[in-house]
Structure formats: C-alpha cells, structure tokens
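K.L.:
I would like to see how this sequence folds:
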Amino acid sequence: MKIQKILFSFALACFLLIGCKNEVKKEKLPVQKENVSLAISGMTCEIGCAKTIQSKLSKKEGVIDAKVVFTDSIANIAFDANTTSKEDLVAFVSGIAGGELYKASIAPKKVAHTCTEDCKETCQNKTTATETEKACCSVNEDGTTFCKEDCKMACCADKIAA
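P.N.:
Now for the predicted structure:
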C-alpha cells in the first residue's frame, strides 16, 4: 500500500510539472492583407470544381476571403501575407485533387484606363460629339454628364489616333 501511495504521488508530481510548464507563445504579427487573382485552368463545372476550390481555399491558413468565379476561371483571394504568399496559394490550388486536375497561375493585373481632359470635354459636349461619343454619354439624376466606362476608352482611342 505504501508503494502505491509513493507511485501515485510521483505520478501526480510529474503531471503537475509537465502540465505547468511555460509554453512559448508565438508573437502574433498584425494582419498584412493582400489580394491576388489566380487564373485557374481545368475547372469543368461550377459545383464540383469552383465550389470545391473555394471551400478548400477558405479553410487554408492565412486566407481571409476567397471567391472562385467559374465563368471567368478566376479565384479572387484576400490573404494575410505574414502567414502565406501568392506562390503558396498557386501551389495550393494546383495541388487540389492530387495536382492533376487544376493548374493555377497569377492572373495579370488589369491596367486602369484614364482619359485626357480633352477627351472628357469632347464627350461631355454633346453638340460637338460624334454619334459614338453621344451614345457613350449619360446624364446623372443631378443633371451632370458623364462618360460610360467602356466608352471612355473608345473616346480616348479616337483622340489618340487623330
């Protein structure tokens, strides 16, 4: 009986020593949010492919938000750059389903188009604008005229060519 008490006391002491050991806590860095768009090839359906990729991406450590658009074959991902990287996300998506179905790459960024002031004035001046430019102009509820985004490029392209 005495041996059992000694063994029990020894086991309890070991448990307390091990259980009360100070754990080394990782320093938590503030979230460094970045966005990336990935072009994904190999998707054949919206439910089985796009939703599966989106679900797996959403569960990946460091991913803040993920949206997969099947019709465009694009994944728009917001992630914490302290935890993961663009290259890691490309490898992760390419590795889904054993790495044989999907291939991901970083989609090229769209360059924002800006019109010159001269082009904007021509578009807004309906009396001197061409018929194409007139079709591109709209009037807001407050009476101000503006160019529709896709027409700004056509208007500016005409000015550059001239």
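K.L.:
quick one, domains of the protein?
P.N.:
Using automatic domain parsing, the domain ranges for the chain come out as 33-106, 117-161.
K.L.:
Now tell me which of those domains the model trusts least on average.
P.N.:
For these, the weakest mean pLDDT is recorded on domain 117-161, namely a mean of 51.
K.L.:
now Lys67: how far from Leu57?
P.N.:
For Lys67, the distance to Leu57 equals 9 Å [CB to CB, to the nearest Å]. For the C-beta atoms, the positions are set from N, CA and C on the backbone; glycine is no exception.
K.L.:
cool, Leu38 as well?
P.N.:
Counting by CB to CB, the gap from Leu38 to Leu57 is 9 Å.
K.L.:
quick one: buried residues of the biggest strand by length in the chain?
P.N.:
Looking across the chain with DSSP state E, the single longest strand is strand 33-41. For strand 33-41, a neighbour-count test (16 or more other CB atoms under 10 Å) marks Val36, Ser37, Leu38, Ile40 as buried.
K.L.:
Output those in a markdown table; the columns should cover distance to Phe79.
P.N.:
A markdown table is the format used below for these (distance: CB to CB, whole Å):
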| residue | distance to Phe79 |
| --- | --- |
| Val36 | 7 |
| Ser37 | 12 |
| Leu38 | 11 |
| Ile40 | 16 |
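K.L.:
ok, so of those residues, who is nearest Asp80?
P.N.:
Val36 (12.0 Å; CB to CB).
K.L.:
which residues touch the residue nearest to that closest one when sequence neighbours are not counted?
P.N.:
Among residues not flanking Val36 along the chain, Lys86 sits closest, at 4.8 Å (CB to CB, 6 or more residues apart in numbering). By CB atoms under 8 Å, 6 or more residues apart in numbering, the residues touching Lys86 are Glu34, Val36, Ile106.
K.L.:
OK, contacts around the closest residue to the first one other than its chain neighbours?
P.N.:
Excluding the flanking residues, the one nearest Glu34 by CB to CB, 6+ apart is Ala81, at 4.7 Å. If you count contacts by CB under 8 Å, 6+ apart, Ala81 has them with Gln32, Lys33, Glu34.
K.L.:
just Thr83 next, same as before
P.N.:
Counted by CB under 8 Å, 6+ apart, Thr83 has contacts Glu61, Gly62.
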